[in-house]
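Student: test case, fold it:
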Amino acid sequence: MKRSGVADLPLHGGRVPAWLATRMVALGSAIAESVVHHYGRPALLARLSDPFWFQALGSVMGMDWHSSGITTSVMGALKKGLAPKAAELGIYICGGRGKQSLRTPEELRGIADRVGMDGDRLVRTSRLTARVDNNAVGDGFQIYLHSFVVTADGDWAVVQQGMNAASRLARRYHWHSAGVRDFTADPHAAIVGAPEGMIQNLVDRRARPAQDALLTIVKDDPDRTVATFRQLHMPGHHDVRAADVQFRRLGAVLALAHERDLHDFAELLLLEQLGPRTLQSLALIAEVVHGTPTRFDDPARFTFAHGGKDGHPFPVPLRIYDESIAVLRRALAAAKLGHSEKLDGFTRLDAFSRAVEAVRQPDADVAAVIAHERSMAAAHGGRTVFDAPGGGRTARRREQLSLFER
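Tutor: Numbers count the residues shown, from 1 in each chain. The predicted structure is shown next:
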């Protein structure tokens with residue numbers, strides 16, 4: 001894997017409230033387990049190394065769909081949710097934001113001792129990825145988050161993020177062991193962020209002469225570099241707009257969830273008696289698990305599963321969120337006992353949704369869908385970070401906190 005995309009990630013302040021954080025842990029870990037169950041550990045690493053899939057995952061988990069906070073929140077949720085199952089799954093997540101990142105070497109050596117890997121080599125890899133992105137890639141971003149994911153097979157992925165306080169932008173860096181042959185020649189799976197003028201990258205393969213000449217500074221032409229990327233420009237606006245969503249893909253999900261004949265068939269696929277709103281969420285979750293890389297060009301679409309904590313495109317529907325987790329968890333539990341019908345139903349649900357998209361070619365009125373979801377927010381237990389503990393709106397916005405409190 002080489003660089004696979006770029007995106008603008010506006011810096012956001014604020015905390016993830018406890019009522020959402022606990023659900024993100026449950027849903028994120030269930031999605032990760034489903035990927036491993038169907039496709040194996042290497043597939044989970046490949047997905048984490050894809051900036052488009054990563055953004056879609058954070059969106060379906062109820063985070064701000066376009067902000068830098070997705071990185072910290074998703075990796076934190078996965079680390080907490082997968083830790084109790086690490087030995088069973090063979091997936092270990094180390095590091096994190098701030099001081100947590102400093103514990104990465106200790107955590108890696110502990111895991112290596114338990115499963116029989118070369119701890120020193122893993123620690124060296126972790127430090128190299130951090131130093132390359134913080135020092136060798138002179139793009140004006142300082143690393144403040146470093147997450148290292150390693151499997152029992154010795155494969156690994158790194159997700160780390162830097163910030164540029166002056167521009168109020170973040171850049172997320174993705175690494176994948178499957179694509180790294182030389183740490184000093186195009187090692188990244190992807191670099192996500194807004195290019196800002198001339199970028200010094202001493203690990204670009206084209207900078208080999210500079211490395212041989214005592215790392216003489218070489219500045220590559222950013223236009224030539226960016227031309228090789230799939231570009232995902234995350235906008236600065238908070239609200240989800242029609243231009244942010246591919247109508248046909250969203251339309252297919254809405255059709256199978258709400259049209260009676262399609263809805264009945266989709267329920268049969270999952271072997272569950274589901275309401276249409278829960279089915280809508282599950283169809284988007286199924287796509288995160290089973291979708292191909294080309295399906296994640298519009299991560300805003302995945303916010304139509306469980307909304308966003310800031311109320312965009314609509315408040316997080318807690319009742320629907322909890323039912324989604326319960327259905328997926330029941331399917332995983334049954335699969336562990338050898339009964340995979342329910343979990344396989346998600347595979348068929350994703351395929352059915354794409355078939356509806358291809359045959360019916362439905363469009364979605366994004367504004368109308370958002371308006372409807374907001375009108376139903378109270379019935380679905382909708383909640384945002386701006387709600388007081390008792391459910392009422394606070395007088396002041398609660399997101400005006402330190403950037404690093406997320």
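
Student: just the pLDDT at residue 248, thanks.
Tutor: pLDDT for residue 248: 95.

Student: residue boundaries of the strands in the stretch 1-150 of the chain?
Tutor: Assigned by DSSP state E, counting those that start in this stretch, the stretch 1-150 of the chain shows strands spanning 9-10, 91-97, 137-138, 142-151.

Student: how about those in a markdown table, adding mean neighbour count, distance to residue 320 and mean pLDDT?
Tutor: From N, CA and C alone the C-beta is placed, and that goes for glycine too. Formatted as a markdown table, the strands of the stretch 1-150 of the chain follow (neighbours: other Cβ atoms under 10 Å; distance: least, Cβ to Cβ, whole Å; pLDDT from 0 to 100):
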| stretch | mean neighbour count | distance to residue 320 | mean pLDDT |
| --- | --- | --- | --- |
| strand 9-10 | 22 | 27 | 84 |
| strand 91-97 | 23 | 27 | 97 |
| strand 137-138 | 18 | 41 | 54 |
| strand 142-151 | 23 | 29 | 94 |
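
Student: tally of neighbours for residue 116?
Tutor: 9 (other Cβ atoms under 10 Å).

Student: check contacts around the residue nearest the centre of the chain.
Tutor: The chain has residue 54 as the residue nearest its centroid, 2.6 Å off, counting by Cα atoms, centre = their mean. Contact analysis of residue 54 by Cβ atoms under 8 Å, 6 or more residues apart in numbering lists 47, 48, 70, 71, 74, 159, 172, 174.

Student: let me see the domain layout of this protein.
Tutor: 9-226, 242-404 (automatic domain parsing).

Student: mean pLDDT lowest for which of the ones you listed?
Tutor: Mean pLDDT per stretch puts domain 9-226 lowest among the domains of the chain, at a mean of 81.

Student: just give me how far that one sits from the chain centre.
Tutor: With Cα atoms, centre = their mean, to the nearest Å as the basis, domain 9-226 stands 11 Å off its chain's centre.

Student: which residue, other than its chain neighbours, is closest to residue 272?
Tutor: Counting by Cβ to Cβ, 6 or more residues apart in numbering, residue 272 lies nearest to residue 327, which is 5.8 Å off, once chain neighbours are set aside.

Student: can you confirm the one you found is in a helix?
Tutor: Yes - using DSSP: H, G, I helix; E, B strand; the rest coil, the assignment for residue 327 is a helix.

Student: surely it meets residue 273?
Tutor: No - with contact defined as Cβ atoms under 8 Å, residue 327 does not reach residue 273; the gap is 10.4 Å.

Student: more neighbours, those two?
Tutor: For residue 327 versus residue 273, neighbours defined as other Cβ under 10 Å are more numerous around residue 327 (23 against 6).

Student: list the contacts for the more buried one?
Tutor: Contacts of residue 327 (Cβ under 8 Å, 6+ apart): 270, 272, 274, 278, 282, 342.

Student: now it: how far from residue 274?
Tutor: According to Cβ to Cβ, to the nearest Å, residue 327 stands 7 Å off from residue 274.

Student: what of residue 368?
Tutor: From residue 368 to residue 274 the distance is 23 Å (Cβ to Cβ).

Student: the two: which has the busier surroundings?
Tutor: With neighbours defined as other Cβ under 10 Å, residue 368 and residue 274 compare such that residue 274 has more, 19 against 9.

Student: part of a helix, is the more buried one?
Tutor: No - per three-state DSSP, residue 274 lies outside any helix segment and is coil.
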